[in-house]
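1. I'd like to go over a predicted model; first the sequence, then the structure.
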Amino acid sequence: SQKIEQNSEALNIQEGKTATLTCNYTNYSPAYLQWYRQDPGRGPVFLLLIRENEKEKRKERLKVTFDTTLKQSLFHITASQPADSATYLCALLTGGGNKLTFGTGTQLKVEL
Amino acid sequence: EPEVTQTPSHQVTQMGQEVILRCVPISNHLYFYWYRQILGQKVEFLVSFYNNEISEKSEIFDDQFSVERPDGSNFTLKIRSTKLEDSAMYFCASSSEAYGNEQFFGPGTRLTVL
């Protein structure tokens, strides 16, 4: 069966450290993988998109890697801040091309 | 900065009643979507819409659901006869291109079916 798995347990880290979140998928061949941030009671907010032929993408303090052999993406937040505390969602572009299939998300808490 | 808006923010209805959830996508976007998120669960795709037609729909989007773009700005999701299990947060999203483009999500409508 098809699955998108993210760390189910919350990730607690200290301010200033690098947070690394994992997204693993099975039985998909996505051409694109996206990461979104979701705050409680709010809609997802787009952060980064990476294509299957890209190994790494960066945007300010964010970095995403995409390994289609391992079927895994890693999402890094460097110099983390309490304001980075949120749930981070991995999403694959599947089906006809514009349908997003989301993982369950990983809750990140950055502590002072 | 342009944003997707949704109304109402919270809708309470009785089982069996019809509800219409409304969305105003970003004005120059051409692709529209509805997703839902049951409390504590993942965001799930319902339907995508382009050029006044449904382009893709999920198994959740059965005959009780319909979508419409009644004018140049609104995009609606109708649930004809609500069930208890329809209780969820419903998100509208839009994008300027179809394939691979980021989707902009609205703040959501919380639907509670009693």
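-> Cool, the structure landed.
2. the residue of chain A found nearest chain B: neighbour count?
-> At 3.4 Å from chain B, A:Gly43 is the closest residue in chain A, using C-beta to the nearest C-beta. Any C-beta I mention is one placed from the backbone N, CA and C, and that applies to glycine too. Under the neighbour criterion other C-beta atoms under 10 Å in any protein chain shown, A:Gly43 is assigned a count of 23.
3. give me phi/psi at it?
-> Main-chain torsions, A:Gly43, degrees, to the nearest 10: phi -80, psi 160.
4. so it is in contact with B:Arg110, correct?
-> No. Look at A:Gly43 against B:Arg110 with C-beta atoms under 8 Å: they stay out of range, at 11.6 Å.
5. tell me which parts of chain A are close to chain B?
-> By C-beta under 8 Å from any C-beta of the partner chain, the residues of chain A that approach chain B are A:31-32, A:34, A:36, A:38, A:41-46, A:49, A:51, A:89, A:91, A:93, A:95-105.
6. buried stuff in stretch B:28-38?
-> B:29, B:31-37 (16 or more other C-beta atoms under 10 Å in any protein chain shown).
7. show me which of these neighbour chain A.
-> By C-beta under 8 Å from any C-beta, the members of the buried residues of stretch B:28-38 lying near chain A are B:31, B:33, B:35.
8. is it possible to get a markdown table of these that adds distance to B:Pro2 and secondary structure?
-> Formatted as a markdown table, these follow (distance: C-beta to C-beta, whole Å; DSSP: H, G, I helix; E, B strand; the rest coil):
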| residue | distance to B:Pro2 | secondary structure |
| --- | --- | --- |
| B:Tyr31 | 15 | strand |
| B:Tyr33 | 16 | strand |
| B:Tyr35 | 19 | strand |
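9. quick one: these as a markdown table, columns for distance to B:Gly72 and pLDDT too.
-> Formatted as a markdown table, those follow (distance: C-beta to C-beta, whole Å; pLDDT from 0 to 100):
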| residue | distance to B:Gly72 | pLDDT |
| --- | --- | --- |
| B:Tyr31 | 15 | 93 |
| B:Tyr33 | 18 | 96 |
| B:Tyr35 | 23 | 98 |
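10. for the buried residues of stretch B:28-38, which one is nearest B:Ala93?
-> Using C-beta to C-beta, B:Tyr33 is the member of the buried residues of stretch B:28-38 that lies nearest B:Ala93, at 4.3 Å.
11. bridging residues for that closest one?
-> Beta-bridge partners for B:Tyr33, by DSSP bridges, are B:Ser48, B:Ala93.
12. that one against B:Gln103, yeah?
-> Yes. The pair B:Tyr33 / B:Gln103 is scored as a contact, 6.3 Å apart, by C-beta under 8 Å.
13. what sits in contact with each of these two?
-> Shared contacts of B:Tyr33 and B:Gln103 (C-beta atoms under 8 Å, 6 or more residues apart in numbering or on different chains): A:98, A:100, B:93-95.
14. who's in contact with A:Leu100?
-> Residues counted as contacts of A:Leu100 (C-beta under 8 Å, 6+ apart) are A:34, A:91-94, B:33, B:35, B:43, B:45, B:103.
15. inside strands: which ones of the residues you listed?
-> Taking DSSP state E, the ones among those that sit in strands are A:34, A:91-94, B:33, B:35, B:43, B:45.
16. which pair in the shared contacts of B:Tyr33 and B:Gln103 has the greatest spatial separation?
-> Across these, no pair lies farther apart than A:Leu100 and B:Ser94, at 12.6 Å, counting by C-beta to C-beta.
17. give me the common contacts of the two.
-> Contacts common to A:Leu100 and B:Ser94, judged by C-beta under 8 Å, 6+ apart, are B:33, B:103.
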